[in-house]
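1. what follows is a predicted structure for the sequence shown.
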Amino acid sequence: MTKENEKKKDLALDYIRAIAMLMIAFCHFFQILHSLELAFWLNIGVQIFLVLSAKLLQKKSFNTKRDALQFYKTRVVRIMLPVWIYLIAICTVLVVIQQPPSWISVIAYALGGAAFVKNGILGLGHFWYLTIILIAY
């Protein structure tokens, strides 16, 4: 594959990413307007992001088991470190306003299992997506 073809391919992925971002933004907008059916269909942008992630990860090739383990270790820390920081901040605020989350929820969120928690943490409703990303890896 030539460099020119590779640039075109990457540009096409950027266009798809931009469309998916707009779909998700409009999804949230229509949720606010209580137009849930339209919001439901625009939420397909999330699945587009998952497919894009898989496509971009497919380019990775690991020569050894050690390379793969290093990739996953780096990736999990890169994803979870901001989650842990934000989780501490939100939990602190919730304790201050006397609406503390359950310890089970906090532990599940800290381990990347937000999608498996029945009663989530106030302000972290979209963290289910991180669970899906971790499973996809």
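-> Great, that's in hand.

2. low-confidence stretches in the chain?
-> Within the chain, the stretches with pLDDT under 70 are 1-9, 58-62.

3. quick one: the helices in it?
-> Taking DSSP state H, the helices of the chain run over residues 3-32, 36-42, 44-58, 65-96, 103-110, 128-136.

4. got those as a markdown table, with distance to Val117 and mean neighbour count columns?
-> The C-beta positions use only the backbone N, C-alpha and C, and glycine is treated the same way. Supplementary listing: the helices of the chain in a markdown table, determined by distance: least, C-beta to C-beta, whole Å; neighbours: other C-beta atoms under 10 Å:
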| stretch | distance to Val117 | mean neighbour count |
| --- | --- | --- |
| helix 3-32 | 21 | 13 |
| helix 36-42 | 22 | 14 |
| helix 44-58 | 18 | 14 |
| helix 65-96 | 12 | 13 |
| helix 103-110 | 5 | 16 |
| helix 128-136 | 9 | 15 |
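
5. nearest to Gly120, out of those helices?
-> Among these, helix 103-110 comes nearest to Gly120, with 6.3 Å by C-beta to C-beta.

6. and the angle from the closest one to helix 65-96?
-> Per axes from the mean of the first three to the mean of the last three C-alpha atoms, to 10 degrees, the angle that helix 103-110 makes with helix 65-96 is 140 degrees.

7. export the helices of the chain to a markdown table and append columns for distance to Lys118.
-> What follows is those, written out as a markdown table (distance: least, C-beta to C-beta, whole Å):
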| stretch | distance to Lys118 |
| --- | --- |
| helix 3-32 | 21 |
| helix 36-42 | 21 |
| helix 44-58 | 21 |
| helix 65-96 | 17 |
| helix 103-110 | 9 |
| helix 128-136 | 12 |
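
8. so for Ile121, which of these sits nearest?
-> Of all the helices of the chain, helix 103-110 comes closest under C-beta to C-beta, at 5.2 Å.

9. please report how far Gly112 lies from Ile133.
-> Noted for Gly112: a distance of 9 Å to Ile133, by C-beta to C-beta, to the nearest Å.
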